[in-house]
Every structure is written in structure tokens, then in C-alpha cells.
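Engineer: Sequence below, structure please.
(2 chains)
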Amino acid sequence: MVVEKPSLETIWGWLDTVPDPEIPVISLTDLGIIRNVQWQGDTLEVTVTPTYSGCPATTIINLDIETALRGHGIEKLVLKRQLSPAWTSGWMTDAGRAKLEGYGIAPPQPAGGPERCPLCQSTQLEKISQFGSTPCKAQWRCTDCLEPFDYFKCI
Amino acid sequence: MSTPVSAPLFEYLCRMGDNTLVLGHRISEWCGHAPVLEEDIALANTALDLIGQTTLWLDVAGEVEGAGRTADKLAFHRDVWDFRNLLLLEQPNGDFGQTMMRQFLFDAWHLSQLTALKGSSNEQIAAIAEKSSKEVTYHLERATDTVIGLGDGTEESHSRMQAALDLLWPYVGEMFLSDDVDAAMVDTGIAPDPATLRPAYDKLVGDVLTAATLTKPQDDFAHKGGKSGKRHSEHLGHMLTQMQWLQRAYPDATW
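Structural biologist: Numbering: from 1, shown residues only, chains lettered A, B, ... in the order given. Next up, the predicted model:
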């Protein structure tokens, strides 16, 4: 039971701690998919945009947001889906990009391919496939350390 | 104003959603069967994008119809004659080359269609087009690379790609045919006249086929009847028996 409405800053802080279900090293706010949080009277409205229209994580993400906010005592909650403007990997935060690379996934680059191997930092790279283990990733390989790695696609 | 346009708008939305649904299902048939793991994953990911787009299109179709049908209802509870997909997309997969040739011929049309729809007078359609066009740009890039790689590949891969092109070319023309539904969409600023997309398509496809050392068939004869629903090929019915059997056997089952 919430007596005082929590501030939007507090709520954004709670959302900062909700991990992406597929790449748990980054949070939903790192990914840039939570577009707005606002109070409509005593109802909290959270606007979420999908990364890819068929991404199976989307429903889990909504469930995780709801679970987290209800856990903090939010009772009246509405999740809205927003398609436009369409999500772009450019909305990922710098902190999120750094966490991805530390986890072994090369962050998205406007040039369309990874900047360096997330494991040995070599720039000698080759593409294995335009697609990977989730809709948001492609498969690359480092020709120095020979390790394959995931690259977060730039869209 | 809304009454006259709602019936053609529903038709139009079914065309967009059925295209992505039927092709999405077709390429998902490759899951676990593709020539190499990377291609298997790529096809499954492309299918996932298309099925996701289907949900967006058919949800809006259901809203416009106003009869309480959801995307799932439309996908699983309609029969062959209610489907509005292009004949090209219901054709069997054939070999990997044939699947990728079909993908390329569709992606090239799909992207130009979605690009035009980003300026639609209908906000929901414009938003879906904006979202989908990013995914389809990626699909087209991959299909283009594959068609060029296989066309300008070995003697065996070249001959298979030429055979695929010869087989599928008679299904290309249907994408650019205009009918009353299209005319209603043009009148209301919702969608472009399909015929206007043809010159850019021919240029793009011509350039890629040249790079792939493939020869575009001379004859532009076009099979039709898919987008109007008047005459689907026998393949669609066979596909639906697989795609729909669970909802047909256990209507409205959820899990």
C-alpha cells in the first residue's frame, strides 16, 4: 500500500535494476526501451517500445517490469506499447555499451560491424553470420584470438 | 467516412499481415533443416521478425473489422479462401537457393512498400511500417548477398539459382497489380498504388541479378489470385493444415 506516490526519479531508479531477460548484464533502461514513465492520476503509466517486433523477450520484459513495480508497492499500473519512433540501438546508454563489452558482446557501431574483439581487443575480425542467438545479435569471429563472439546489431 | 473505407482497409491489413504470416511460416519450416547452422539461425530469426510483424498487422486488422477477432483468431481460424497473401509466398520452399530467391524477390518489394507506408495517413500503419522497415532492410541485405553469392558461385549453385528465378518470376507481377482495394487505399492516402513501386523494383532486382550473373526471364506473365483471395495455389491449404491443426483440433487452446 503506497500512501505517497513515489517520485518519477525513484521509479526510474527501480527500473534501472530490472535486467534484460536475454542479456542480464544490462538493464532495461540501459537498453533504452523504456520510453516514458508518468503518473496519470493515481495510475502509473510505463511506455515500452520493442527492440524487434517478434522478439520473444518482449512479453517477459513486460512481466518483469510489472513484477518489479508491484514489488515496490505500485498497485495501479498500465504498460503501454509504443512503436514509433522505432527503437534504435543508438538509444543504448554508454554504461550499457560498456557492460555489454565486458560481458563479451561487442556493442553496436554505426559502421555496421564491431569495432574490436570484446575478448582480446584485436581489430582483425570477420563476420560469420548476419544473425545470431537472439534477434538483436549477429555472429562474428576474431581472426587473432580465433574466438567467435556476439555482436549487438546496429539498427 | 470511416464506414466506406473500413472494409477495404481490413482487406489491405490482411494482405500485409498474411504476407508476413505465410512467408514467416514457410521459412520457419527450415528450422533444424538448413544447410549449415548459421543459415538455420538466420532463417529462424527472419521468420521471427515476420511473425512479429504479422501480430502487429493482424491486431490492427481485427480492430478495424470490429468483430472481436484478434491476430491469433485471424491467423488460425480462417480458411484458404480468406487468406490475402501473394501467391509467391505460399510456394513450397524447394532447395535453399529457391527459398532465398523467393526471399529476395519479396524483400525487395516489401521494403519499398514499407518505406512508402511510413508516410501513410493512418498513424498505426505508419508506425508498423517504421518498425518493420528496419528489420526488412536487414532481410533484404542478407537475401541480396546470398543471391549474388550463389548465383555467381559454382556451376551447380548458379544453375539452381537460375532455375529458381525461372520458376518464381511468374509470381512477381502480382505484387504490382492494382485493384479496388488498392484504389481505396490511394484515395484515402493510406497506401501507394502498387504499380508505382515497379520501376524502382525492376532497377534494384535487375542490378542484383546482373551481379549474380543470372538472367531475368523475358516473359512478364503473372499468376494472380492470392492477394484477392480468389484463387490460391493448392500449396496454401497443405500449409494451413500444418500451421493451424492445433487450433482446429483444440479450438482456443492456450498455454
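Engineer: longest helix of chain A?
Structural biologist: Secondary structure of chain A per DSSP state H: the longest helix is helix A:57-71.
Engineer: Give me the contacts around the next helix or strand after it.
Structural biologist: Next in sequence after helix A:57-71, counting helices and strands by DSSP states H and E, comes strand A:77-81. Strand A:77-81 has contacts (CB atoms under 8 Å, 6 or more residues apart in numbering or on different chains) with A:40, A:43-50, A:62, A:65-66, A:69-70. All C-beta atoms are positioned from the backbone trio N, CA, C, and that covers glycine.
Engineer: for chain B, what are the low-confidence residue spans?
Structural biologist: Low-confidence segments of chain B (pLDDT under 70): B:1-5.
Engineer: Relative to chain A, which residue of it is the closest?
Structural biologist: Using CB to the nearest CB, the single residue of chain B nearest to chain A is B:Gly52, 2.4 Å away.
Engineer: and stretch B:135-146, which residues are buried?
Structural biologist: Within stretch B:135-146, the residues that count as buried by 16 or more other CB atoms under 10 Å in any protein chain shown are B:135-136, B:138-140, B:142-144, B:146.
Engineer: Mind checking which of the residues you listed are in helices?
Structural biologist: Per DSSP H, the buried residues of stretch B:135-146 map to helices at B:135-136, B:138-140, B:142-144, B:146.
Engineer: Including distance to B:Glu11, could those go into CSV?
Structural biologist: Below are those laid out as CSV (distance: CB to CB, whole Å):
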residue, distance to B:Glu11
B:Glu135, 24
B:Val136, 22
B:Tyr138, 28
B:His139, 25
B:Leu140, 26
B:Arg142, 31
B:Ala143, 27
B:Thr144, 31
B:Thr146, 33
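Engineer: Check those residues and tell me the two furthest apart.
Structural biologist: The most widely separated members of these, counting by CB to CB, are B:Glu135 and B:Thr146 (16.8 Å).
Engineer: show me what contacts the most centrally placed residue in chain A?
Structural biologist: Nearest to the geometric centre of chain A sits A:Leu31, at 2.6 Å (CA atoms, centre = their mean). Contact partners of A:Leu31, counting by CB under 8 Å, 6+ apart, are A:20, A:51, A:91-92, A:96.
Engineer: go again using 6 Å as the cut-off
Structural biologist: By CB atoms under 6 Å, 6 or more residues apart in numbering or on different chains, the residues touching A:Leu31 are A:Asp20.
Engineer: With A:Ser89 instead?
Structural biologist: A:108, A:154-155.
Engineer: ok, now how distant is it from A:Tyr103?
Structural biologist: Between A:Ser89 and A:Tyr103 the computed distance is 16 Å (CB to CB, to the nearest Å).
Engineer: and what of A:Pro6?
Structural biologist: To A:Tyr103, A:Pro6 is 30 Å away according to CB to CB.
Engineer: same thing with A:Asn36?
Structural biologist: 27 Å.
Engineer: ok, B:Thr46 - contacts?
Structural biologist: B:27, B:139.
Engineer: Phi first, then psi, for it.
Structural biologist: phi -60, psi -40 (degrees, to the nearest 10).
Engineer: cool, A:Thr43 as well?
Structural biologist: Taking degrees, to the nearest 10 as the convention, A:Thr43 sits at phi -110, psi 130.
Engineer: for A:Val37, same thing?
Structural biologist: phi -130, psi 120.
Engineer: Before we move on, what's the pLDDT of it?
Structural biologist: Note on A:Val37: pLDDT of 97.
Engineer: The strand or helix carrying the residue of chain B closest to chain A: which residues count as buried?
Structural biologist: Counting by DSSP H and E, the element that carries B:Gly52 is helix B:37-65. Neighbour-count burial for helix B:37-65, counted by 16+ other CB under 10 Å, picks out B:38-62, B:64-65.
Engineer: Pull the residues that contact the next helix or strand after that helix.
Structural biologist: Sequence-wise, the next helix or strand downstream of helix B:37-65 (DSSP H and E) is helix B:71-76. Contact with helix B:71-76 is made by B:21, B:55, B:58-59, B:244, B:247, as judged by CB under 6 Å, 6+ apart.
Engineer: Export those residues to JSON lines and append columns for distance to B:Gln124.
Structural biologist: As requested, those are arranged in JSON lines below (distance: CB to CB, whole Å):
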{"residue": "B:Leu21", "distance to B:Gln124": "18"}
{"residue": "B:Thr55", "distance to B:Gln124": "13"}
{"residue": "B:Leu58", "distance to B:Gln124": "12"}
{"residue": "B:Asp59", "distance to B:Gln124": "9"}
{"residue": "B:Gln244", "distance to B:Gln124": "26"}
{"residue": "B:Gln247", "distance to B:Gln124": "26"}
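Engineer: biggest separation within those residues, which pair?
Structural biologist: B:Asp59 and B:Gln244 (18.3 Å).
Engineer: And the helix or strand harbouring B:Leu165, what does it pack against?
Structural biologist: According to DSSP H and E, B:Leu165 maps onto helix B:155-168. Packed against helix B:155-168, as judged by 3 or more CB pairs under 6 Å, 6 or more residues apart in numbering or on different chains; DSSP states H and E, are the following elements: helix B:96-117, helix B:123-151.
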